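Q: Pasted the sequence and its predicted model underneath.
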Amino acid sequence: MAEFSLRIVASDKVFYGGPSEIVIVPALDGEYGFMAHHDDMVVAMKPGELRFKKPDGTWEYAVVGGGVAQSANNRVTILVDSAERPEDIDEVRAREAMERAQEQLRQKQSIYEYRMSKASLARAVSRLKEKKRMDINL
């Protein structure tokens, strides 16, 4: 299968940089997949599971925050708020973050605070979902 250059950059680190055969990102209107020689485009991403296949055939998974994915010149660049491997997720911390976000949503808030709470809740739920998926596959 043909390869392309993939670069996943979180706000605090470069999560991955190297060749890939396919990457699937969580977009606002579903999932988008990018393969070698994909048309140029930019996709808005929501928090969720990102997965990509390396040239050796192994799949890598990540839980990402919101961001954008851009494909151009046989390269895909993904910029996200956060990116972490499922095995690095602390389930207790993620559950506490989800409970905090749910409690904040029950409070009276400004529109900005409400949107921030919704984003925190989405991030916590996606982290817990990916952690459980990884535990099932072990």
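A: Alright, I've got the coordinates.
Q: For the rest of this, base every contact and every neighbour count on C-alpha atoms.
A: Fine.
Q: Against the centre of this protein, work out the most remote residue.
A: The centre of the chain is farthest from one residue, Lys108, which by C-alpha atoms, centre = their mean lies 29.2 Å away.
Q: Next, the contact list for the most centrally placed residue in the chain, please.
A: Note on the chain: the residue nearest the mean C-alpha position is Val64, at 2.3 Å, using C-alpha atoms, centre = their mean. In this structure, Val64 makes contact with 47-50, 80-84, 123, judged by C-alpha atoms under 8 Å, 6 or more residues apart in numbering.
Q: these two touch, right, Leu50 and Tyr61?
A: Yes - shown here, Leu50 and Tyr61 form a contact pair, counting by C-alpha atoms under 8 Å, at 5.9 Å.
Q: more neighbours, those two?
A: Between Leu50 and Tyr61, counted using other C-alpha atoms under 10 Å, Leu50 has the larger neighbour count: 23 against 19.
Q: For Tyr32, see how far away the more buried one is.
A: When distance is defined by C-alpha to C-alpha, to the nearest Å, Leu50 is 10 Å away from Tyr32.
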